[in-house]
Structure formats: structure tokens, C-alpha cells
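**Q** Prediction below, plus the sequence it came from.
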Amino acid sequence: GEVEVLHWWTSGGEAKSVGELKKIMQTKGNTWKDFAVAGGGGDNAMTVLKSRVVAGNPPAAAQIKGPAIQEWAAEGVLANLDPVAKAEKWDSLLPKVVADGMKYKGNYVAAPVNVHRVNWMWANEAVLKKSGVTGVPMTWDEFFAAADKIKKAGFIPVAHGGQNWQDFTTFESVVLGVGGPKFYQDALIKLDQKALTSPTMTKSLETFRKVKGYTDAASPGRDWNLATAMVIQEKAAFQFMGDWAKGEFTAAGKVPGKDYICAAAPGTANAYTFNVDSFAMFKLKDAAAQKAQADLAAAIMGTEFQEVFNLNKGSIPVRLNMDMAKFDDCAKLSSKDFVASSKAGTLLPSIAHGMAVKPAAEGAIKDAVSQFWNDDKISVADGVKSIAKAAAIQ
Ligand SMILES: OC[C@H]1O[C@H](O)[C@H](O)[C@@H](O)[C@@H]1O
């Protein structure tokens, strides 16, 4: 049957990755109807999805993540995937935190694709060398010392794309690095006003603003993958971004440890902010279309797709006990740290990528953070207040 899939994977590495899913579906005799909505981070895609569902014309499948899955399921528009999930034994193949996130009232309504780590810092080896920077900065103080050397050597220290979700991605890594996992939980998961208005949040915003001072004047509006390209092309030293950025390095034939470095954002090595991509299926009447949806769900959790997709996408398989032999050192580190942080209680849902709070709160906080990033006239004290106010929105 035909399966129409709405997603926002349009960058080099993203498009190559989703292309692998198309291939697998076609070998199963299904027709893949692509509905790609450009715009990193997915806000545009979610807006288009809403209008299609309201118009009574939902796609067969859509890239929907985190608490938004339960919000859509509560609308009664998502199909129950339990028959596939049971037949394919998903409960025994998934980390519990992921399995729970794919369910509504105990039933699977979404199929998980991968685990992206968000608290990464990407670095160009040659730029660091040419700038006299030895070693990877592990603390924010070390980072700023390195950034000064890089600036003096004539390179752009931080490649950044000035879009609210990218500002927010850097913000969450700064908060985690400055405040630690417990503070991240209190401030950005529980949205605790005491934490949000604490001296630690003030320190986080001061650090966040200082990071901006090392970006270039052309960063406003820049797409994330173009910022990654600046690091790939030795124009810039660092980028703070989830490991979908690694998909761009891979697509450019770059090798970790040789051409570039993947390291935890300063101060965050003992923690892991996760972002799980997933596809939810919309209720359809047509039996052939329902069969194609079931094939898609089974393919997504299958070992073939879990390997080939994640090798290209930069994420790691969400399916447990996968053979990681073909994966590079960054993926192996991500996989090791995922397990270690899960045991240590420092495995944290990414707020910037829709994993931690409801979409309405996420959107409001994201805008307050981005306004602070873009307007240097907003004082740190006012920044703290506006973010705390936005977090109070339910
Ligand atoms: O578009 C940039 C990124 O946005 C989101 O975080 C998605 O989860 C990820 O898969 C994608 O690569």
C-alpha cells in the first residue's frame, strides 16, 4: 500500500538517512509518499501537520516527538500500534524511558527511530591546532580561554545559527554545564520557579550571553547545517548542537578523531540530554494503508533500519543490544554514556527538542530565551524574570 510520511529531514545527512527508510519500505512492496517540510527543529512541520489534521487530511505517518505524542493521542486521531509492538516485542527491545514515551494509556501510538544526544560540542581539529589550543575545553572557563585564542588566530570561535530552537539548544547545554543535572531537572523539567529565579540561573544566563560574544555577525537566521558546514570547512572552531550535526560530518566524508572532535558541552560530560525521533500513525480507514502503516512501524524498529539509518543520521539505535561494530567512536561514546547516565540518574529529556515539557511551555520558554539571546539590551535579571514567567505558562 501507499504510506505518506510527514517529516522535516531535509539537510544533507537527514535526507540521506530518511532515504534509507524509503528504500526499506519499497523493498517491502510499499509506496513511500514523501511530505517533507523544511525547517530544522520541526516547528514548521508541526504547524503544517496541525492544519492538515484540522482539514481532515492527515498523513499516514508523521514525525512527532515527546509529550506532543500524548497530546495528539488525547485528540483520538492516532492509531493503536500494539499489534505490531507485541508481535515485534518492543517492550523488551526498548529502554523503559523510551517505551513509556511512545505510549498513551498503555498502548503504543508511536514508533521510536533513534536516540540523539543533544549536549555535544563539535570541534575542528585543524582550527584548534592553528589557534594553539591543546586539548578539548571541559569547563566553561577553559572554553572561553580557548575561544579567545581562536578569535586571535582569526577564526570564528562558535558557529551558530540564529533561530530560536538553536538558541534554545545552546541554552540547555549551558544550564546543564553551569548548574549540573539536578539543577537542569529542577529548572528545565519541573520548571520550578525557585530554581528558575536562582543565582545559578543568573550565572547560566551570564555564561549564555558570553557564548554569544564568540559567534559571528552573520549568524542570525542561519540554518543549523550551514553552521556545521563552517566547522567542517575550517571557518569556525566549535558548534553546540545535537548529533544530527554528525550526520553532516559523515555526509562530508569527515572522520571523528581525525578531522573533527565530538565532546560533551563544557561541564556536561557526566550527563546526557536525549532527543528521540518517532513516528506516530494517524487513524485511516483503508485496509491497505493500515497494512502499510504496520509495515512502516515494524521496519522502523527492525535491526536493518536501526543500523543503516543511525549510521547516516548521527544518532544511535534506540533498539537495545544492537551490534555497534559499524558505528564510529562518537556513537560508541554516546551509547556508553546513555547506559551510564541512565544508571546514574543523569539521563535527561532535552527541553529544546520537545522531550521534557508540554509544547506550549516549551514554545514560550524558547521564545523568551531567544529574545534574551538576540537583544543585548535585555539585562540578565530581566532575562531570568521573562524565562521564569514563560515557564509558568501551562
Ligand atoms: O532538524 C534538526 C533536528 O531537529 C530535531 O531535533 C530532530 O529530532 C532531529 O532529528 C533533526 O535532525
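**A** Good, I have the coordinates. Residues are numbered from 1 along each chain as shown.

**Q** Show me which residues of the stretch 251-394 of the chain sit near the ligand.
**A** Residues of the stretch 251-394 of the chain lying near the ligand by Cβ under 6 Å from any ligand atom: Asn275, Asp277, His353. All C-beta spots, glycine's among them, are computed from the backbone N, C-alpha and C.

**Q** The same query, at a cut-off of 5 Å, please.
**A** Asp277, His353 (Cβ under 5 Å from any ligand atom).

**Q** and the residue of the stretch 251-394 of the chain nearest the ligand?
**A** Of all residues in the stretch 251-394 of the chain, the one sitting closest to the ligand is His353 (4.3 Å; Cβ to the nearest ligand atom).

**Q** likewise the stretch 201-350 of the chain?
**A** Trp244 (3.3 Å).

**Q** for that residue, what are its contacts?
**A** Contacts for Trp244 (Cβ atoms under 8 Å, 6 or more residues apart in numbering) come out as Ser11, Gly13, Glu14, His116, Trp224, Lys313, Gly314, Ser315.

**Q** neighbour-wise, which of these leads?
**A** Neighbour tally across those (other Cβ atoms under 10 Å): the maximum, 29 neighbours, falls on Gly314.

**Q** Tell me where the stretch 151-300 of the chain has strands.
**A** 156-158, 236-240, 260-264, 272-275, 278-281 (DSSP state E, counting those that start in this stretch).

**Q** Tabulate these in JSON lines, adding columns for mean pLDDT and mean neighbour count.
**A** Converted to JSON lines, the strands of the stretch 151-300 of the chain look like this (pLDDT from 0 to 100; neighbours: other Cβ atoms under 10 Å):
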{"stretch": "strand 156-158", "mean pLDDT": "98", "mean neighbour count": "25"}
{"stretch": "strand 236-240", "mean pLDDT": "98", "mean neighbour count": "28"}
{"stretch": "strand 260-264", "mean pLDDT": "98", "mean neighbour count": "22"}
{"stretch": "strand 272-275", "mean pLDDT": "98", "mean neighbour count": "27"}
{"stretch": "strand 278-281", "mean pLDDT": "98", "mean neighbour count": "27"}
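
**Q** In CSV: those, plus distance to Ala381.
**A** Converted to CSV, those look like this (distance: least, Cβ to Cβ, whole Å):
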stretch, distance to Ala381
strand 156-158, 24
strand 236-240, 24
strand 260-264, 29
strand 272-275, 26
strand 278-281, 39
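
**Q** tell me the pLDDT at Gln394?
**A** With respect to pLDDT, Gln394 scores 61.

**Q** how many neighbours does Met324 have?
**A** Neighbour tally, Met324, other Cβ under 10 Å: 16.

**Q** I meant Phe143, not that one.
**A** The burial count for Phe143: 24, using other Cβ under 10 Å.

**Q** Does it touch Gly135 like I think?
**A** No - no contact is recorded between Phe143 and Gly135 when judged using Cβ atoms under 8 Å, the distance being 11.4 Å.

**Q** So for the helix or strand where Lys22 lies, mean pLDDT?
**A** Under the criterion of DSSP states H and E, Lys22 resides in helix 12-27. Helix 12-27 shows a mean pLDDT of 95.

**Q** buried set for that helix?
**A** Buried residues in helix 12-27, counted by 16 or more other Cβ atoms under 10 Å: Gly12, Gly13, Glu14, Lys16, Ser17, Val18, Glu20, Leu21, Lys22, Ile24, Met25.

**Q** Which member of those is positioned nearest the ligand?
**A** Of those, the one sitting nearest to the ligand (Cβ to the nearest ligand atom) turns out to be Glu14, at 5.2 Å.

**Q** which residues sit in contact with the closest one?
**A** By Cβ under 8 Å, 6+ apart, the neighbours of Glu14 are Trp8, Trp244, Gly247, Lys313.
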